[in-house]
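Peer 1: let me see the structure of the following:
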Amino acid sequence: MILALAPMQDVTDLAFVRTLTRIGSLPDFLVTPYFRSTSTTCAMADENLRCIRENESGCPIHAQLAGSDADALVRDAVELLKLPIAGINLNAGCPSPLVNRHGAGAALLRDLDNFRTILLRMREVVPEGKFSVKCRIGWQEADEFDAILPVLAEAKPDMVMIHLRTRAQLYAGKPHWYIGPRAVQGLECPVLLNGDMQTHDSVLRTMEAAECAGVMLGRGAVRNPYLFRQVRGAAAPTRDEMHAYYETLIEETGRILPEGITQAGHCNRMKKYLAFCYPDFTDGAEYALRRCIDISQMRAILSRQ
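Peer 2: Residues are numbered from 1 along each chain as shown. Reported below is the predicted structural model:
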């Protein structure tokens, strides 16, 4: 069973990974938030580079690239491979309009000829064992996966992570679980499934139904960072352990923020993680946290949950 942390822009960052390390609930490998690759530049985001250069977790980390220009993606893959990474991951799943309007992320699935070219070109330059693809099952409809699957198979990636929603679904709606077994059967490489697995039971049901190599967890792991530990057989987190998570995340977020950041700035950064935890809070606590601009007050609110 392979457990991976899904890349989430501004969320699964260095502070979050350091928090997972400290609370003892790590995946088998990490994937950075995406590096944006264009024909004119690769935005080597400092925060993403810190995820690689300051990785203290002991987990291998893969650098994710998002783009739609094959030449640029190849150029940037070669540069990233000079860093201490375990591999390159191609983003063919991000549903963000900002990313998609440039033809990147899930928008690659709208032009399968270009997607095929990118996959084959990247396969040429990324060494064996180091090339993976994260993608959705289609742009608009689930049956688009019938055409996507052979394109993936032809490129022979070393691992594929499938988010079982279309781009049109964004992060809502029921994942198309029946696609999982088809992906596993249609690809020679290990397949990890992703999408709406928030609990230990949902992870195990998905793996049993699809007979996949593992899962990639994102929002579920931010809401319950002990989920990786649970899937491996540990008990559910106690209230004290969740309090330890919030406190550790506050500390680690403070470590990565620029010197002189305001209390409000620190709180706003914390809200990027806490947004996924709000379903577990009372309505009053959620209201207070959304409006909190003082980190000591945020600590007090969280301590009562």
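Peer 1: surely V160 is within a strand?
Peer 2: Yes - residue state for V160 (DSSP: H, G, I helix; E, B strand; the rest coil) corresponds to a strand.
Peer 1: per-residue pLDDT, it?
Peer 2: Model confidence at V160, expressed as pLDDT, equals 98.
Peer 1: tell me the bridge partners for I162.
Peer 2: In this entry, I162 is beta-bridged to C135, L193, by DSSP bridges.
Peer 1: count of residues packed around it?
Peer 2: For I162, the number of neighbouring residues by other Cβ atoms under 10 Å comes to 31. In this view, the C-beta of every residue, glycine as well, is placed from N, C-alpha and C.
Peer 1: residue contacts, it?
Peer 2: For I162, the contacting residues are 134-137, 179-180, 183, 191-194, taking Cβ atoms under 8 Å, 6 or more residues apart in numbering as the criterion.
Peer 1: any idea how far A147 is from the closest residue to R18 other than its chain neighbours?
Peer 2: Beyond its immediate neighbours in the sequence, the residue positioned closest to R18 (Cβ to Cβ, 6 or more residues apart in numbering) is E252, lying 4.6 Å away. For E252, the distance to A147 under the criterion Cβ to Cβ, to the nearest Å works out to 43 Å.
Peer 1: the more surrounded of those two?
Peer 2: For E252 against A147, the residue with the higher neighbour count under other Cβ under 10 Å is E252, and the figures read 20 against 11.
Peer 1: which helix or which strand is home to the more buried one?
Peer 2: E252 belongs to helix 239-256 when elements are defined using DSSP states H and E.
Peer 1: contacts for that helix?
Peer 2: When contacts are taken as Cβ under 8 Å, 6+ apart, the neighbours of helix 239-256 outside the stretch itself are 13-16, 18-19, 22-23, 47, 50, 225-226, 237, 266, 269-270, 273, 295, 298-299, 302-303, 305.
Peer 1: show me which of these are buried.
Peer 2: Among these, those classed as buried by neighbour count (16 or more other Cβ atoms under 10 Å) are 13-16, 18-19, 22-23, 225-226, 237, 266, 269-270, 273, 295, 298, 302.
Peer 1: if we can go back for a sec, the contacts of I162 into JSON lines, with extra columns for distance to L109 and neighbour count?
Peer 2: Written out in JSON lines, the entries for these read as follows (distance: Cβ to Cβ, whole Å; neighbours: other Cβ atoms under 10 Å):
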{"residue": "K134", "distance to L109": "12", "neighbour count": "27"}
{"residue": "C135", "distance to L109": "7", "neighbour count": "26"}
{"residue": "R136", "distance to L109": "6", "neighbour count": "29"}
{"residue": "I137", "distance to L109": "8", "neighbour count": "29"}
{"residue": "I179", "distance to L109": "13", "neighbour count": "26"}
{"residue": "G180", "distance to L109": "17", "neighbour count": "23"}
{"residue": "A183", "distance to L109": "14", "neighbour count": "24"}
{"residue": "V191", "distance to L109": "17", "neighbour count": "24"}
{"residue": "L192", "distance to L109": "18", "neighbour count": "26"}
{"residue": "L193", "distance to L109": "17", "neighbour count": "27"}
{"residue": "N194", "distance to L109": "15", "neighbour count": "24"}
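Peer 1: can you tell me which of those is nearest D28?
Peer 2: Closest to D28 out of the contacts of I162 is L192 (10.0 Å), distances taken as Cβ to Cβ.
Peer 1: list the contacts for the closest one?
Peer 2: With contacts defined as Cβ under 8 Å, 6+ apart, L192 is in contact with 2, 4, 159-162, 212-216.
Peer 1: so which of those residues is the most crowded?
Peer 2: I162 (31 neighbours).
Peer 1: gap between that one and C135?
Peer 2: Looking at I162 against C135, where the rule is Cβ to Cβ, the gap reads 6 Å.
Peer 1: same check, this time on V203
Peer 2: Spatial separation of V203 from C135 under the definition Cβ to Cβ is 20 Å.
Peer 1: same deal with F145?
Peer 2: Taking Cβ to Cβ, one finds F145 at 9 Å from C135.
Peer 1: so can I have CSV of the contacts of I162 showing distance to E247 and pLDDT?
Peer 2: Shown next, in CSV, are the contacts of I162 (distance: Cβ to Cβ, whole Å; pLDDT from 0 to 100):
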residue, distance to E247, pLDDT
K134, 31, 98
C135, 36, 97
R136, 35, 97
I137, 39, 97
I179, 39, 94
G180, 37, 94
A183, 39, 96
V191, 37, 97
L192, 31, 97
L193, 32, 95
N194, 29, 91
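Peer 1: got a markdown table for the residues you listed, with distance to E124 too?
Peer 2: Rendered in a markdown table, the data for the contacts of I162 read as follows (distance: Cβ to Cβ, whole Å):
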| residue | distance to E124 |
| --- | --- |
| K134 | 20 |
| C135 | 19 |
| R136 | 24 |
| I137 | 26 |
| I179 | 28 |
| G180 | 29 |
| A183 | 23 |
| V191 | 22 |
| L192 | 24 |
| L193 | 27 |
| N194 | 26 |
